[in-house]
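Fold the following, please.
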Amino acid sequence: MKQFYKIGYLILLLLSISVNAQEAEAPVSTGGPSAEDLAKQLANPVANLISVPFQNNFEFNVGPNEGFRYNLNIQPVLPFTLNEDWNLISRTIVPFITQTDVFYDGSSAHGVGDIAQSFFFSPKAPTKGGLIWGAGPIFLLNTAMEDAFGLNTWAVGPSAVVLKLNGQLTYGALVNHMWSYAGKGDDVSASFFQPFFTYATPNGASYTIASENTQSWHNKIFGGFIGVYYAKVIQISKQTVQLGGGPKVYYGNNPLNPSFGFRLNVILLFPK
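This next block holds a predicted model:
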């Protein structure tokens, strides 16, 4: 029950900050982008925007003993200008995980999981058809502190994202595939697919439906979830932030899939 109280408190805090924010349609900083523009950029994985997301995932009824797992992903996004036509976008995912009672009552584990590092080479201008895209390598680093938090292997592969901005709408998909090349773990051949759909409002709010799906080809395990999220770009003192969250519903044959979960995002924004 303590986990439910924690989620309730965080939801109330999120709603309180959002309701009391005074940002509406004005720029979040003098001469800077509007809250609406930032909400649209955040829906674009290869936008030219520095951000540091803190993605909090609360997952319930995990594993054979129906335990609890909390996963904090710190995901800095750093864009670099290569020339007048191309950007390089660095996206890193550093997971901090804690779980209890997942395999049996009283079991617990805490620590860092495997770090994922992606690089996207992306044209600054959309295609003639209005598509925005990026492609590059993804690396899985064998950094897990606990066996349950990683694959005990190093992996690499291609990654790509394609999306389109249509007025208030942003929709597209991110995909990658990784093969293991070193380490003591089992061989890895895994595909990831993430379609997303976001509607951004003029006052900096956004509504997103997205799913995240992973297929492990060697052991034929598939796991995924669909999430529905609300978010709002606000100003806290001099820091521009997006706060958001929503429920996640899981599916697939992964034995460690939770039955349900909740995500809370706190994203620090540094508009250029």
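
what does stretch 221-229 rub up against?
By CB atoms under 8 Å, 6 or more residues apart in numbering, the residues outside stretch 221-229 that reach it are 207-216, 244-257, 261, 263, 265. Just so you know, the C-beta spots here come from the backbone N, C-alpha and C atoms, and that holds for glycine as well.

how far is it from where the chain is centred?
12 Å (CA atoms, centre = their mean, to the nearest Å).

Drop anything exposed from the contacts of stretch 221-229.
Listed as buried from the contacts of stretch 221-229 are 207-208, 210-216, 244-246, 248, 250, 256-257, 261, 263, 265; burial here means 16 or more other CB atoms under 10 Å.

from the residues you listed, which ones fall inside strands?
Here DSSP state E is the test, and the buried ones among the contacts of stretch 221-229 give 207-208, 210-216, 244-246, 248, 250, 261, 263, 265 as lying in strands.

Any idea which residue is closest to the centre of the chain?
The centroid of the chain falls nearest to Gln55 when counting by CA atoms, centre = their mean (6.6 Å).

what is that one paired to in the beta sheet?
Asn73, Asn265 (DSSP bridges).

Contacts only, for it.
Gln55 makes contact with 72-75, 263-265, according to CB under 8 Å, 6+ apart.

Please apply the same query to Pro123.
By CB under 8 Å, 6+ apart, the contact list for Pro123 reads 85-87, 133.

Next: Ala125.
Asp85.

Now do the strands in this structure.
With DSSP E, the ranges of strands along the chain come out as 50-62, 67-74, 77-81, 86-100, 108-112, 115-123, 131-141, 153-166, 169-183, 189-200, 205-216, 221-236, 239-252, 260-270.

Relative to Leu38, which of these is closest?
Evaluated with CB to CB, these place strand 221-236 nearest to Leu38, the distance being 4.9 Å.

How about exporting that closest one as PDB, limited to the C-alpha atoms?
What follows is strand 221-236, C-alpha atoms only, in PDB (Å, rounded to 0.1, in the frame of the first residue of the first chain):
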ATOM      1  CA  ILE A 221      10.000 -13.300 -25.700                       C
ATOM      2  CA  PHE A 222       7.800 -10.300 -26.500                       C
ATOM      3  CA  GLY A 223       6.900  -7.600 -24.100                       C
ATOM      4  CA  GLY A 224       5.300  -4.100 -24.400                       C
ATOM      5  CA  PHE A 225       2.900  -1.600 -23.100                       C
ATOM      6  CA  ILE A 226       0.800   1.300 -24.200                       C
ATOM      7  CA  GLY A 227       0.700   4.500 -22.200                       C
ATOM      8  CA  VAL A 228      -1.500   7.600 -22.200                       C
ATOM      9  CA  TYR A 229       0.100  10.700 -20.900                       C
ATOM     10  CA  TYR A 230      -0.700  14.300 -20.200                       C
ATOM     11  CA  ALA A 231       2.100  16.900 -19.900                       C
ATOM     12  CA  LYS A 232       2.400  20.700 -19.400                       C
ATOM     13  CA  VAL A 233       5.300  23.100 -20.100                       C
ATOM     14  CA  ILE A 234       5.700  25.500 -17.200                       C
ATOM     15  CA  GLN A 235       8.200  27.900 -15.600                       C
ATOM     16  CA  ILE A 236       9.500  27.200 -12.100                       C
END
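
Show the contacting residues for Leu169.
Leu169 neighbours (CB under 8 Å, 6+ apart): 197-200.

Mind pulling up the pLDDT for Asp101?
Looking at Asp101, its pLDDT is 91.

And for Gln55?
97.

Look up how far Tyr229 lies from it.
Separation of Gln55 from Tyr229 (CB to CB, to the nearest Å): 11 Å.

Then Val161?
Counting by CB to CB - Val161 and Tyr229 are separated by 18 Å.

quick one: which of those two has more around it?
Counted by other CB atoms under 10 Å, Val161 and Tyr229 do not tie: Val161 has more neighbours, with 24 against 19.

The more buried one reaches Ile138, doesn't it?
No. Under the criterion of CB atoms under 8 Å, Val161 is not in contact with Ile138, lying 11.1 Å apart.

I'd say Lys40 and Thr170 touch.
Yes. Between Lys40 and Thr170 there is a contact at 6.1 Å, judged by CB under 8 Å.

Spit out the residues that contact these two alike.
198, 200.
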